[in-house]
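Peer 1: Take this sequence and fold it.
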Amino acid sequence: MKRITFFLIVFTIALQLKAQYNNDSIVLKYNDSIDKGYGGSEATTITPYVLFKPIDTQAYTGNKITHVHIGLKGNATNVYLYIKKSPTDVNPIYKQKIGNLYTGWNDITLTTPYDITGDSVTIGYKASFSSDNPNGVGYSSDRNVDADYVFWNSKSNWFTTGGSLCIQAVISGDKMPINEMALKSLSSVIAGYSDKTVKLTGIISNMGISPVSKYELKYTVNDVGEQNLVVHKNVAVNQVDTFNIELPSDVTGKYRVKVTLASVNDQVDAYFPNDTISSLLTVRDKAYMKRVVVEEGTGTWCGWCPRGLVGLELMKKAYPEQFIPISVHGNDALAVSSYSPLIEKMSGFPDCYVDRKIQGDPYDDIHRMFEQEVSLNTHLGFNLQAAYNQDSTTVNVKASLISDANLDNPNYYAAFVVVEDSVKGYTQTNYYHDNSNGYMYGWEKKDESVSDVVYNDLARGIYSSYNGDICTPATMEAEKVYDYSYSFDLPSVVKNKKNVRVIGLLISPTTSYIVNAGNAIPISTTGIKNVLTPQVKSYKILEGELLVKLSDGQDSYRSVYIFTTEGKLIKKQVVTGDLISIDISGLHGIHFVKICNGHSSQTLKISI
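Peer 2: The predicted structure follows:
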């Protein structure tokens with residue numbers, strides 16, 4: 001009963017605060033939720049601060065801070081409230097003894113309201129927390145450096161929580177702005193390689209004392225092409241709204257997106273310095289697509305390894321272009337000796353290495369590790385093609401490399417892994433049988449020994465070795481395609497050549513990490529060179545775009561050069577696939593288009 005009464009009191013206080021400050025007051029804040037508690041392992045005294053800069057306060061010049069809200073995760077004693085200009089100032093401008101505060105939001109009335117002059121304002125409190133609940137400083141998970149100053153009194157040093165402290169300032173007076181909104185954030189976006197459009201999400205806050213029913217935004221991309229976005233939505237005082245801006249993302253480059261608040265309720269916004277915000281849209285060149293390699297340690301004898309099988313399949317389905325799994329068996333009939341350097345690093349199965357850099361569980365950790373690696377910028381593109389010889393006993397591999405900068409002595413290594421899909425005929429131990437260890441995508445319904453398992457991404461060999469061979473020339477010119485060829489005999493353990501894939505690993509000479517990778521299905525041909533010639537099957541010009549259909553059917557890198565009739569190079573582009581798109585917007589008249597792949601090329605004469 002006491003617990004219910006406590007929550008009713010807290011809920012009532014929250015409603016009273018909302019009612020009290022909704023119509024004629026503004027709350028300067030960084031958050032509304034108390035997500036976590038900060039402190040130590042024993043009783044301590046801590047002084048946390050938040051800073052509101054002039055851009056936050058100037059709209060309220062001539063008004064006063066009348067109340068302060070403090071959010072706690074634990075009860076506090078001997079509390080003092082401080083107001084300063086800067087968190088590091090020794091002496092406060094305002095000091096007020098509070099006494100005790102309690103878990104949740106606490107509303108403090110200032111004995112003397114604090115005049116806002118337009119300067120920065122720092123608000124903090126000194127509080128003692130007992131050993132029963134030392135982590136009493138409340139903060140939210142959203143990080144903001146201006147809301148994260150913590151002075152630990154017993155250690156006489158500054159710290160941060162990694163989030164935003166729960167301290168709010170309530171402002172009121174007779175000079176409050178009416179139609180005042182502030183742009184708070186605008187997301188920066190890295191477009192997916194297959195995305196044609198992306199959405200940038202922004203947050204805008206109603207910081208005036210009048211409800212908003214309509215606001216208008218203007219936005220530009222690289223300071224050109226101004227567009228309007230009119231939003232008809234009710235935004236109450238002290239509340240925020242989210243808006244979305246959809247932009248094309250099919251042309252490689254970095255784009256600065258600037259958004260400006262044009263009007264509020266069809267009126268000029270009361271305070272313009274917080275009316276503009278910018279972010280970055282990055283459209284990556286597909287030639288440098290980052291592919292993440294996961295080398296999994298597993299075994300038919302390993303009863304926990306079904307979760308590895310599940311984890312890899314889920315990731316392949318979610319990220320088919322950029323997730324490359326390799327299932328490496330150890331101490332069973334499917335093991336390959338050439339992968340012993342990986343297996344020897346693992347103390348138990350299932351286990352995995354992501355890009356030979358991060359180690360973790362192929363089910364529990366795999367998504368987090370993939371996200372960590374796939375978000376990295378890649379400066380080396382790596383693409384792969386493979387073909388059998390005439391009797392399909394040898395695999396000929398061609399790797400295409402491209403760098404976004406000039407490189408001297410790059411010395412990168414390449415290793416090629418043969419994997420086979422749809423392998424059957426082996427019995428897998430299963431510790432998830434009879435639901436004994438929880439749900440595992442149907443494995444809990446199978447027996448302890450499972451004989452109908454289909455193994456995919458099964459490593460059959462790695463060539464020429466686990467560490468590979470140097471594949472780069474002595475120097476690499478930026479944006480120039482370099483080819484590396486390698487041949488090896490198909491492993492005798494392969495059951496069905498139709499289910500074989502070759503995975504190319506590009507390995508750093510300094511860290512031994514995998515920096516990029518390629519994936520190819522070997523095709524049946526008498527020679528790979530003839531297949532790779534970029535023969536033009538057809539082309540057409542459509543709305544500033546040259547579409548070219550090639551007949552080689554390979555997803556290889558190609559360099560495209562566009563020349564004037566006088567031979568002047570005016571454009572260079574790297575493309576992939578057998579249907580390629582070349583941007584020719586802004587070009588007029590007769591031009592020559594040269595498409596190069598390795599040592600072969602073809603030139604088109606086009607009229608634009």
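Peer 1: which stretches of the stretch 1-150 of the chain aren't confidently modelled?
Peer 2: Segments of the stretch 1-150 of the chain classed as low confidence (criterion: pLDDT under 70) are 1-23.
Peer 1: just the strands in it please.
Peer 2: 25-28, 36-38, 44-52, 64-72, 76-84, 94-101, 104-115, 121-129, 137-140, 149-152 (DSSP state E, counting those that start in this stretch).
Peer 1: contact partners of the fourth one?
Peer 2: Right, strand 64-72. Outside of strand 64-72, the residues within contact range by Cβ atoms under 8 Å, 6 or more residues apart in numbering are 17, 21, 25, 27, 29, 34, 37, 79, 81, 83, 101-110, 113-116, 121, 123, 125, 127, 136-138, 166-173. Using the backbone N, CA and C atoms, a C-beta is placed for each residue, glycine as well.
Peer 1: returning to what we had before: would you turn the strands of the stretch 1-150 of the chain into TSV with distance to residue 270 and mean neighbour count?
Peer 2: TSV is the format used below for these (distance: least, Cβ to Cβ, whole Å; neighbours: other Cβ atoms under 10 Å):
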stretch	distance to residue 270	mean neighbour count
strand 25-28	11	20
strand 36-38	35	19
strand 44-52	17	22
strand 64-72	18	21
strand 76-84	24	19
strand 94-101	26	15
strand 104-115	19	15
strand 121-129	19	23
strand 137-140	28	26
strand 149-152	29	19
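Peer 1: Any chance of a markdown table for these, columns distance to residue 432?
Peer 2: Below are these laid out as a markdown table (distance: least, Cβ to Cβ, whole Å):
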| stretch | distance to residue 432 |
| --- | --- |
| strand 25-28 | 51 |
| strand 36-38 | 34 |
| strand 44-52 | 45 |
| strand 64-72 | 43 |
| strand 76-84 | 48 |
| strand 94-101 | 49 |
| strand 104-115 | 43 |
| strand 121-129 | 44 |
| strand 137-140 | 38 |
| strand 149-152 | 45 |
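Peer 1: nearest to residue 311, of these?
Peer 2: For the strands of the stretch 1-150 of the chain, proximity to residue 311 was assessed by Cβ to Cβ; strand 36-38 is nearest, at 29.4 Å.
Peer 1: show me where the stretch 201-350 of the chain has helices.
Peer 2: 306-318, 340-343 (DSSP state H, counting those that start in this stretch).
Peer 1: Can you list the buried residues in stretch 462-476?
Peer 2: 462, 463, 466, 468, 471, 472, 476 (16 or more other Cβ atoms under 10 Å).
Peer 1: Take those residues and write them to JSON lines, including distance to residue 491, pLDDT and secondary structure.
Peer 2: Formatted as JSON lines, those follow (distance: Cβ to Cβ, whole Å; pLDDT from 0 to 100; DSSP: H, G, I helix; E, B strand; the rest coil):
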{"residue": "462", "distance to residue 491": "10", "pLDDT": "97", "secondary structure": "strand"}
{"residue": "463", "distance to residue 491": "9", "pLDDT": "97", "secondary structure": "strand"}
{"residue": "466", "distance to residue 491": "15", "pLDDT": "97", "secondary structure": "coil"}
{"residue": "468", "distance to residue 491": "17", "pLDDT": "95", "secondary structure": "coil"}
{"residue": "471", "distance to residue 491": "21", "pLDDT": "96", "secondary structure": "coil"}
{"residue": "472", "distance to residue 491": "26", "pLDDT": "96", "secondary structure": "coil"}
{"residue": "476", "distance to residue 491": "32", "pLDDT": "96", "secondary structure": "strand"}
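Peer 1: and the next element down the chain from the lowest-mean-pLDDT helix or strand in the chain?
Peer 2: Sorting the helices and strands of the chain by mean pLDDT, DSSP states H and E puts helix 528-532 at the bottom, at a mean of 37. Next helix or strand after helix 528-532 toward the C-terminus (DSSP states H and E): strand 536-541.
Peer 1: Show me the contact partners of that following strand.
Peer 2: 546, 547, 548, 549, 550, 551, 584, 595, 602, 604, 606, 608.
Peer 1: Now for the fifth one, how many residues are close by?
Peer 2: Just to be clear, that refers to residue 550. 23 (other Cβ atoms under 10 Å).
Peer 1: if I read this right, it contacts residue 578, doesn't it?
Peer 2: Yes. Between residue 550 and residue 578 there is a contact at 4.6 Å, judged by Cβ atoms under 8 Å.
Peer 1: so which of the strands of the stretch 1-150 of the chain comes closest to residue 454?
Peer 2: If we rank those by Cβ to Cβ, the stretch that ends up nearest is strand 36-38, at 44.5 Å.
Peer 1: Paired strands for that closest one, with orientation please.
Peer 2: Applying DSSP bridges, strand 36-38 is found paired with strand 137-140 (antiparallel).
Peer 1: contacting residues around the strand it pairs with?
Peer 2: 30-39, 46, 48, 70-73, 127, 129, 148, 150, 161, 163-166.
Peer 1: redo that, cut-off 10 Å
Peer 2: If you take Cβ atoms under 10 Å, 6 or more residues apart in numbering as the criterion, strand 137-140 is touched by 29-39, 44, 46-48, 50, 70-74, 76, 103-106, 125, 127, 129, 147-148, 150, 160-167.
Peer 1: Format the helices of the stretch 201-350 of the chain as JSON lines; extra columns: distance to residue 406, mean pLDDT and mean neighbour count.
Peer 2: Converted to JSON lines, the helices of the stretch 201-350 of the chain look like this (distance: least, Cβ to Cβ, whole Å; pLDDT from 0 to 100; neighbours: other Cβ atoms under 10 Å):
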{"stretch": "helix 306-318", "distance to residue 406": "35", "mean pLDDT": "96", "mean neighbour count": "19"}
{"stretch": "helix 340-343", "distance to residue 406": "33", "mean pLDDT": "96", "mean neighbour count": "16"}
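Peer 1: Would you work out how far apart the start and end of stretch 484-498 are?
Peer 2: 24 Å (Cα to Cα, to the nearest Å).
Peer 1: and if you look at stretch 491-500?
Peer 2: Note: stretch 491-500 ends 10 Å apart using Cα to Cα.
Peer 1: rewinding a little: could you find the two of the contacts of strand 536-541 that are most distant from each other?
Peer 2: 551 and 608 (23.7 Å).
Peer 1: From the centroid of the chain, which residue is nearest?
Peer 2: Nearest to the geometric centre of the chain sits residue 375, at 5.2 Å (Cα atoms, centre = their mean).
Peer 1: Surely that residue touches residue 190?
Peer 2: Yes. With contact defined as Cβ atoms under 10 Å, residue 375 counts as touching residue 190 (7.5 Å).
Peer 1: about what we covered before: out of the contacts of strand 536-541, which are buried?
Peer 2: 546, 548, 550, 584, 595, 604, 606.
Peer 1: List the contacts of the second one.
Peer 2: Applying Cβ under 10 Å, 6+ apart, one finds that residue 548 lies in contact with 534, 536-540, 558, 560, 575, 578-582, 593, 595, 602, 604, 606.
Peer 1: Kindly write the ChimeraX command that selects the buried subset of those residues.
Peer 2: Filtering the contacts of residue 548 down to the buried ones (16+ other Cβ under 10 Å) takes a single ChimeraX command:
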select :534,539,558,560,575,578,580,581,582,593,595,604,606
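Peer 1: For the chain, give me the ranges with low pLDDT.
Peer 2: Short version for the chain, where the test is pLDDT under 70: 1-23, 525-535, 551-558, 565-568, 574, 576-577, 597-601.
Peer 1: and stretch 82-92, which residues are buried?
Peer 2: Buried residues in stretch 82-92 (16+ other Cβ under 10 Å): 82, 83, 84, 87, 92.
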